[in-house]
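Q: build me a model from this:
(2 chains)
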Amino acid sequence: MDNPRAPAQEPRLIRFGTLNPLWRGTMKDALTALLQQTLQQLVNEGTLESIEGVSPQIDHTRDPSHGDLATNLAMVLAKRAGMPPRDLAAKLVAALPANEIIAKTEVAGPGFINFTLSQASHTQGITRILDAGSDYGRRPCDPDKKVQVEFVSANPTGPLHVGHGRGAAIGDSICRLLAATGWSVQREFYYNDAGQQIANLALSVQARAHGLTPDDTGWPEDGYQGEYIIDLANAFVAKDAVSAADREITASGNTDNLEDIRDFAVAWLRREQDADLQAFAVKFDEYFLESSLYANDAVERTVERLVASGHTYEQDDALWLRSSDFGDDKDRVMRKREGGYTYFVPDVAYHLNKWERGYKRVINEQGADHHSTITRVRAGLQGLDVGIPEGWPEYVLHQMVTVMRDGAEVKLSKRAGSYVTLRDLIDWVGRDATRFFLAARAATSQLTFDIDLALSQSNENPVYYIQYAHARVASVKRKALEIDAQWTPATGLEHLATLKESEELALALILTKYPEVVASAAERLEPHDIANFLRDVAAHFHSFYNAHKMLDPAQPDMSTARLALAEATRIVIASGLDLLGVSAPESM
RNA sequence: CCGCCCGUAGCACAACCGGAUAGUGCAACGGCCUUCUAAGCCGUAGGUUGCAGGUUCGAGUCCUGCCGGGCGGGCCA
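A: Alright, predicted model coming up:
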């Protein structure tokens, strides 16, 4: 099994000559340009022959005693230059062109070059943020860079649970990240409304409508036992009308007609899911129905194409896909002995449809329990011989969410009907906290959602820490206007040179990292990077806020400069929270 | 049996194609509100990064083998 994640991602190094456009204007970018000149200088004077293929790293330092930025350039080039790293580092430092953004340079450790940024560089950074406003760190949408993201895609057989919530939070945030980095994003929800599970759903509703309970004889074997089935059955019997995304259905009330029940049940559950998603502030551009693939013969045509391309064979009265030709560990049955298709066939048809809609880039966000479908879907797509790249589509898989309540794990089982719904979570801890909690951790790690903890400490949730910083800035801005109508962030731009305190400079520095963080999070498809960064920004702001009085009538220049810095902070926090789908309140 | 993900402080999680002294929140302990929002700040304590090897200037990160947890693998979806 190959890596499900996308293959083609820009390396995060500075590869000279191919700067990430999102970094434009960041200190990293500026320093890279300077180092490029420096290297050219060394080449000119013969110290180095060439800098072809050099991929040095330029990093923000962890330890302030190492300056603000550091590079391993000398260590990477030492062998090529034929001199010890520290000596080469010294030469590089000496050849660095004059500039106003670096205040101090130092060779350290095995050959790192540490740079301390100047006050002027911070002034530049803050000005740039205020000038860009909510566009800071973002690129305009390029209509030619189309990407489609499929996420949630819950079966319409029950309410959305915590796992779907995680998919919704991560998927939606990925969409926002892609949009912020210039992609034109289409969000899609795939409804498995044609399989065996839907038949079971209809049978379950029918059984409930007939007054049966799961313990009775006559209850369908794989019936859904959740309480919501009772509500659903009652609504059907009462001849309720429901309107889901694209259709309006009135129940016939005829409990002998399974087709009526099925149509009504799917619509009813879609309405529930839509309401949950709306409460979660997640929207889709397209709801794609699996049943449509049968209605328009797309499944049949996909099978025919696979047969025609020669990647199938008949054996034991079944039709097989030679998926082992495409990286699978064995061949897979496409058409069963009794004639029906196995589940991955409509999946292949669906993805062929995506390809034919023109999406050269498609990302599927799913639970890790769907892992095995990746190889099969990709194998099926390869077998079509229509020029689909091997790694297409990309997958982001999130691991399971374990829910703890009363110190014990709550088992998630649709059939048993005992599980925590997304709606429950939102009702308990709020939309912002739920979204943040579910998106703030790497998708690859299993996470534990402790209900009791979330309830008892809802005010301690990290999201409030970040939102509080935002609200504080808004409050200070209001206060400033009370003191003097001229006291606005814009006024402060002229006085940024008065910012000299370490807390001020540290805050200014971290704010200028934002574009890099957005670019990186979008490339890696990892929204939790944003959450961690915001926590960092908020911490810097809170420290600054507590260490210094921001508004002092006796010092108008300094006060407005600080106001500008605070506003820059607010812009970054509001933008970052938006990427996570979390609100940025003006007051708390 | 095979494949994928994970294992980091009491708990939940970070750590940027391998970088310098492994961080953040909660929980614990001690301080800070007559002053811009105390949902905050400052400080203390807490670690053999599951175990054992290997690769190199350098490993939580890469490789091998174990141990432990999760998920998946069937003419089920």
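Q: what pLDDT is listed against A:G339?
A: Each residue has a pLDDT score; the one for A:G339 is 86.
Q: now for it, how many residues are close by?
A: Neighbours of A:G339 under the rule other C-beta atoms under 10 Å: 9. The C-beta positions use only the backbone N, C-alpha and C, and glycine is treated the same way.
Q: now do A:Q119
A: Quick note: A:Q119 (other C-beta under 10 Å) scores 18 neighbours.
Q: RNA strand B versus that one, what's the distance?
A: Distance of A:Q119 to RNA strand B, given as C-beta to the nearest atom of the strand, to the nearest Å: 21 Å.
Q: how about the residues of the stretch 101-250 of chain A near RNA strand B?
A: By C-beta under 7 Å from any atom of the strand, the residues of the stretch 101-250 of chain A that approach RNA strand B are A:108-110, A:112, A:114, A:155, A:192, A:195-197.
Q: so where is the stretch 401-550 of chain A shaky, pLDDT-wise?
A: Within the stretch 401-550 of chain A, the set of residues satisfying pLDDT under 70 comprises A:411-419, A:456-460.
Q: run through the residues of the stretch 251-400 of chain A sitting next to RNA strand B.
A: Residues of the stretch 251-400 of chain A lying near RNA strand B (C-beta under 7 Å from any atom of the strand): A:315-318, A:329, A:332-333, A:336-338, A:340, A:342-343, A:368-369, A:371-373, A:399-400.
Q: buried sites along stretch A:304-311?
A: A:305-307, A:311 (16 or more other C-beta atoms under 10 Å).
Q: picking that back up, quick check: PyMOL command selecting the buried ones in the residues of the stretch 101-250 of chain A next to RNA strand B.
A: Buried members of these, defined by 16+ other C-beta under 10 Å, are picked up in PyMOL with:
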select buried, chain A and resi 112+114+155+192+195+197
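Q: so which of the residues of the stretch 101-250 of chain A next to RNA strand B are in strands?
A: A:108, A:112, A:114 (DSSP state E).
Q: now these as TSV including pLDDT?
A: Listed next are these as TSV, based on pLDDT from 0 to 100:
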residue	pLDDT
A:A108	81
A:F112	83
A:N114	88
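Q: closest to A:L551 among these?
A: Nearest to A:L551, judged by C-beta to C-beta, of those is A:N114 at 35.3 Å.
Q: and the closest one, what does it touch?
A: Each residue near A:N114 by C-beta atoms under 8 Å, 6 or more residues apart in numbering is listed here: A:61, A:66-67, A:69-70, A:105-108.
Q: just the buried ones from these?
A: Here, 16+ other C-beta under 10 Å leaves A:61, A:66-67, A:69-70, A:107 buried among the contacts of A:N114.
Q: let me see the domain layout of chain A.
A: Domain ranges of chain A: A:21-117, A:196-279, A:296-349+A:375-398, A:401-457, A:461-579, per automatic domain parsing.
Q: next, see if the shortest one gets close to RNA strand B.
A: Yes - residues of domain A:401-457 are located near RNA strand B by C-beta under 7 Å from any atom of the strand, namely A:440-442, A:444-448, A:450, A:453, A:457.
Q: ok, the last one next?
A: Yes - judged by C-beta under 7 Å from any atom of the strand, domain A:461-579 comes into contact with RNA strand B at A:462, A:464-465, A:468, A:471-472, A:474-476, A:479, A:520, A:526, A:528-529, A:532, A:535, A:539, A:542-543, A:545-551.
Q: which pair in the residues of the stretch 101-250 of chain A next to RNA strand B spans the largest distance?
A: Greatest spacing in these, by C-beta to C-beta: A:A108 and A:Q196 (64.3 Å).
Q: picking up where we left off before, just the ones in strands from the residues of domain A:461-579 next to RNA strand B, please.
A: Applying DSSP E to the residues of domain A:461-579 next to RNA strand B, no entry is found in strands.
Q: drop anything exposed from those residues.
A: Neighbour counting by 16+ other C-beta under 10 Å classes A:462, A:464, A:471-472, A:474, A:476, A:520, A:526, A:528-529, A:532, A:535, A:542, A:545, A:550-551 among these as buried.
Q: and these, which two are the farthest apart?
A: Greatest spatial distance among those (C-beta to C-beta): A:E526 and A:L551, at 38.2 Å.
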